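Colleague: structure of the sequence below:
(2 chains, ligands or ions: 2)
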Amino acid sequence: MSAHPQATATGKTGIIQMLGVHKWYGEFHVLRDIQLSVDQGEKIVICGPSGSGKSTMIRCINALEEYQRGQIIVDGVPLTNNLKNIDAVRREVGMVFQQFNLFPHLTVLENLTLAPLWVRKTPRREAEETAMYYLERVKIPDQARKYPGQLSGGQQQRVAIARSLCMRPKIMLFDEPTSALDPEMIKEVLDVMIELADEGMTMLCVTHEMGFARTVANRVIFMDAGQIVEQNEPEEFFNNPQSERTKLFLSQILSH
Amino acid sequence: MTQEHMHAAERPPALSVGPLGWARANLFNTWYNSVITLVILWAVIQAVPPLINWAFIDAVWGGGEPDACRVEGAGACWSFIGEKYRLILFGLYPFAEQWRPLLVMVLFIGLVVATMRRLLWGRSLIAAWGVSTVVMFALMYGGFLGLPFVANSYWGGLPLTVGLSTIGLVVAFPLGIILALGRRSNMPAVRTLCVVYIELIRGVPLITVLFMASVLFPLFLPTGVTIDKLLRAQVGLILFAAAYLAEVVRGGLQAIPKGQFEAADSLGLGYWSKMRLIILPQALRISIPPLVNTFIGFFKDTTLVIIIGLFDLLNAAKTALTDRAWAGFYMEAYLFCAIIYFAFCFTMSRYSQNLERKLRTGHARR
Ligand SMILES: Nc1ncnc2c1ncn2[C@@H]1O[C@H](COP(=O)(O)OP(=O)(O)OP(=O)(O)O)[C@@H](O)[C@H]1O
Ligand SMILES: [Mg+2]
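Modeller: Ligands and ions are numbered 1, 2, ... in the order given. Next up is the predicted model:
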């Protein structure tokens, strides 16, 4: 299915291409020469110590963050300061946040139909049907009329995933989607993500759920100090890490 | 092990029994609380009976003669209000035509009551306000169907106060929102413009703004062009209120977590959709208490139009006092005005609390 990491890293066909991307926060060099190419349908797990720039990297892909050097091309559209391009990319890229970020003043159904109605100009009937379809998919159709504040964390995160899917994105970004959840709710969210992966969605996922990485990922990327230190197929990555920093990191997170 | 039978539902345990129990638990629970309670009780006993005597028992209600109020031991002279209420309520509006401003006030209050019903919110209510505004102005001006024309320099009293504040707020509110958004804009020119405007207006007393609007502004107009005094006052009030409302709205905007902006961005919503659908509904809801605070302050601040010679409610009351025959009944005149102001402000305050409760949705948990 997916090409070997070495091949994709230089391939020109990737749906996401990051070419020599650098980013600074003031004086602080947060992303250093990021080279990444992601094929359609590929599932990538990104891990690394806190502050290594994982969130910053995936947030560059939907232009929540700007970058200062290099180039990012998403689905053939170069991400520049051009607002048209940014809007075009955001329509195709969904994002799920650690803190869910549902809109608290809208019902679940309104959360789901908002973007299709106002961005895609979908007729209301159709938008609501799509919303109900995805609520079924994440197994909470009976919560459609509730407000986000009335749901559990796991339910909220599944609504957030459904909200992104309602825009029918080509790519889904996940930034630690289970980190704010109680242990018993993590599985219900991961199950939804695994199902999504099985259907061939292109996914980039920052997570420390190594079980998820083993079962779903085509490639695991390890970041440290703003750089991609190592990337490999999950088996190789976990069983045979190359760099010392990766070994240290893995020993820390797998020890408990 | 399972429980044999269902436990019957019970009432929650009563915290205290009866008014006596309540008083013991709340008013006399500690020695210092008892002292405070007694002091307050004493003050109430000192103040309330004389007030009731003055306002009701010794008061002069009958119509007509000011001399009836001037006898020894007379209380409030309500016959003064009976004599002058039309002057106070409608100012210098021609006496025979005062049914017109009265009708306008009835229409206005009717609309306000309708607007307080959330079920009625919608296009037709907005249309009703639009049509009524035209009707209200037509009634005030006249000059058609045999209604004599009344220039707006004769308008006064309650319709003037209510009109200046309502139109002022309705126009200043969106302006304030735009200014607040502008102050947070990424575009330096827009941001600077908004900051300068807000700080300039806030740094100046309302009297000065009104004075400039009425006296200085016409000096800059080309000769021959005139804008009437009422409109200039209205513009001054709007410019002033907008700056204050902008800061209130900005406070609300700052309270919205960054994640809400990012979620809206990541869904591809443009700036205006994001603000209108996601950010402002939340920001304005949390701003309701300070917004209403500003509304109420503004409603009362309109009394300052007195200094450029408009006959608002308070100025009309002062005018009523200039009648030699009725000179000296300040208390009655100002109390009458105070009750009217209080009725409006208290209604605003209560309604806003009600609205806050109704709009409290998502944060039910947490
Ligand atoms: N707005 C900002 N301004 C300045 N520095 C920032 C900003 N956002 C992030 N940083 C810094 O950039 C670095 C990378 O942040 P980032 O959030 O990408 O890390 P991360 O790998 O996602 O970490 P975590 O696992 O804790 O989420 C951190 O050192 C952080 O302090
Ligand atoms: Mg992060």
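
Colleague: what's the burial count for the nearest residue to residue B:148 once chain neighbours are set aside?
Modeller: Leaving aside its sequence neighbours, residue B:148 sits nearest to residue B:142 (Cβ to Cβ, 6 or more residues apart in numbering or on different chains; 5.5 Å). Glycine gets a C-beta too; all of them are placed from N, C-alpha and C. Neighbourhood size, residue B:142 [other Cβ atoms under 10 Å in any protein chain shown]: 16.

Colleague: likewise residue B:204?
Modeller: By the measure other Cβ under 10 Å, the count of residues near residue B:204 is 14.

Colleague: I'd like the distance between it and chain A.
Modeller: Per Cβ to the nearest Cβ, to the nearest Å, residue B:204 is found 36 Å from chain A.

Colleague: check which helix or strand covers that residue.
Modeller: Residue B:204 belongs to no helix or strand when assigned by DSSP states H and E.

Colleague: kindly provide the distance from it to residue B:233.
Modeller: 16 Å (Cβ to Cβ, to the nearest Å).

Colleague: wouldn't residue B:77 be in contact with residue B:59 here?
Modeller: Yes - the criterion here is Cβ atoms under 8 Å, and residue B:77 meets it with residue B:59 at 7.4 Å.

Colleague: which one of these two is surrounded by more residues?
Modeller: Of the pair residue B:77 and residue B:59, residue B:77 is the one with more neighbours under other Cβ under 10 Å, namely 22 against 18.

Colleague: who does the more buried one form a beta bridge with?
Modeller: residue B:60 (DSSP bridges).

Colleague: how about the helix or strand residue B:127 falls within, which residues are buried there?
Modeller: Residue B:127 belongs to helix B:123-141 when assigned by DSSP H and E. For helix B:123-141, the buried set under the neighbour-count rule, 16 or more other Cβ atoms under 10 Å in any protein chain shown, comprises B:128, B:133, B:136, B:139-141.

Colleague: now stretch B:336-344
Modeller: By 16+ other Cβ under 10 Å, the buried positions in stretch B:336-344 come out as B:336-337, B:340-341, B:344.

Colleague: next structured bit after the longest helix seen in chain A?
Modeller: Identified as the longest helix of chain A according to DSSP state H is helix A:183-198. Using DSSP H and E, the helix or strand that follows helix A:183-198 in sequence is strand A:202-206.

Colleague: report the distance from that next one to the chain centre.
Modeller: Computed by Cα atoms, centre = their mean, to the nearest Å, the chain-centroid distance of strand A:202-206 equals 4 Å.

Colleague: what angle sits between that strand and helix A:183-198?
Modeller: 150 degrees (axes from the mean of the first three to the mean of the last three Cα atoms, to 10 degrees).

Colleague: quickly run through the sheet partners of strand A:202-206, with directions.
Modeller: Take DSSP bridges as the rule and strand A:202-206 pairs in its sheet with strand A:43-47 (parallel), strand A:171-175 (parallel).

Colleague: hmm, the last one in reach of ligand 1?
Modeller: When you say that, I think you mean strand A:171-175. No - using Cβ under 6 Å from any ligand atom, strand A:171-175 stays clear of ligand 1, with a minimum separation of 7.2 Å.

Colleague: pLDDT on that strand, on average?
Modeller: The pLDDT scores in strand A:171-175 average 95.

Colleague: related to what we said a few turns ago, would you list the buried residues of stretch B:336-344 in CSV and tack on secondary structure and pLDDT?
Modeller: As requested, those are arranged in CSV below (DSSP: H, G, I helix; E, B strand; the rest coil; pLDDT from 0 to 100):
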residue, secondary structure, pLDDT
B:336, helix, 93
B:337, helix, 94
B:340, helix, 94
B:341, helix, 94
B:344, helix, 94
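
Colleague: make a markdown table out of these and add distance to ligand 1.
Modeller: Formatted as a markdown table, those follow (distance: Cβ to the nearest ligand atom, whole Å):
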| residue | distance to ligand 1 |
| --- | --- |
| B:336 | 58 |
| B:337 | 54 |
| B:340 | 53 |
| B:341 | 48 |
| B:344 | 47 |
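
Colleague: got those as a markdown table, with distance to residue B:258 columns?
Modeller: Shown next, in a markdown table, are those (distance: Cβ to Cβ, whole Å):
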| residue | distance to residue B:258 |
| --- | --- |
| B:336 | 51 |
| B:337 | 47 |
| B:340 | 45 |
| B:341 | 42 |
| B:344 | 39 |
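
Colleague: so which pair among these is furthest apart in space?
Modeller: B:336 and B:344 (13.6 Å; Cβ to Cβ).

Colleague: rewinding a little: remind me what the helix holding residue B:127 packs against, helices and strands.
Modeller: Under the contact definition 3 or more Cβ pairs under 8 Å, 6 or more residues apart in numbering or on different chains; DSSP states H and E, helix B:123-141 sits against helix B:99-116.

Colleague: got the buried residues for the helix it packs on?
Modeller: Of all the residues in helix B:99-116, those buried under the rule 16+ other Cβ under 10 Å are B:100-102, B:104-105, B:108, B:111-112.

Colleague: so which of the residues you listed also contact ligand 1?
Modeller: Residues of the buried residues of helix B:99-116 in contact with ligand 1 (Cβ under 6 Å from any ligand atom): none.

Colleague: show me which of the residues you listed is closest to residue B:246.
Modeller: residue B:112 (24.8 Å).

Colleague: tell me the contacts of residue B:198?
Modeller: Each residue near residue B:198 by Cβ atoms under 8 Å, 6 or more residues apart in numbering or on different chains is listed here: B:179, B:183, B:243, B:246-247.

Colleague: for residue A:167, what are its contacts?
Modeller: By Cβ under 8 Å, 6+ apart, the contact list for residue A:167 reads A:91, A:94, A:115-116, A:119-120, B:267-268.

Colleague: and what of residue A:46?
Modeller: Residue A:46 neighbours (Cβ under 8 Å, 6+ apart): A:54, A:57-58, A:204-207, A:220-221, A:223.

Colleague: with those in mind, which one is nearest to ligand 1?
Modeller: Nearest to ligand 1 among the contacts of residue A:46 is residue A:54, at 3.6 Å by Cβ to the nearest ligand atom.

Colleague: so what's that closest one scoring on pLDDT?
Modeller: Model confidence at residue A:54 (pLDDT) stands at 95.

Colleague: show me the shaky parts of chain A.
Modeller: For chain A, the stretches flagged by pLDDT under 70 are A:1-13, A:256.

Colleague: what comes up buried for the lowest-mean-pLDDT helix or strand in chain B?
Modeller: None of the helices or strands of chain B scores lower by mean pLDDT, DSSP states H and E than helix B:217-220, at a mean of 79. By 16+ other Cβ under 10 Å, helix B:217-220 has no buried positions at all.

Colleague: after it, which helix or strand is next?
Modeller: Next element after helix B:217-220 (DSSP H and E): helix B:229-254.

Colleague: after that following helix comes which helix or strand?
Modeller: Moving toward the C-terminus from helix B:229-254, the next helix or strand (DSSP H and E) is helix B:258-266.
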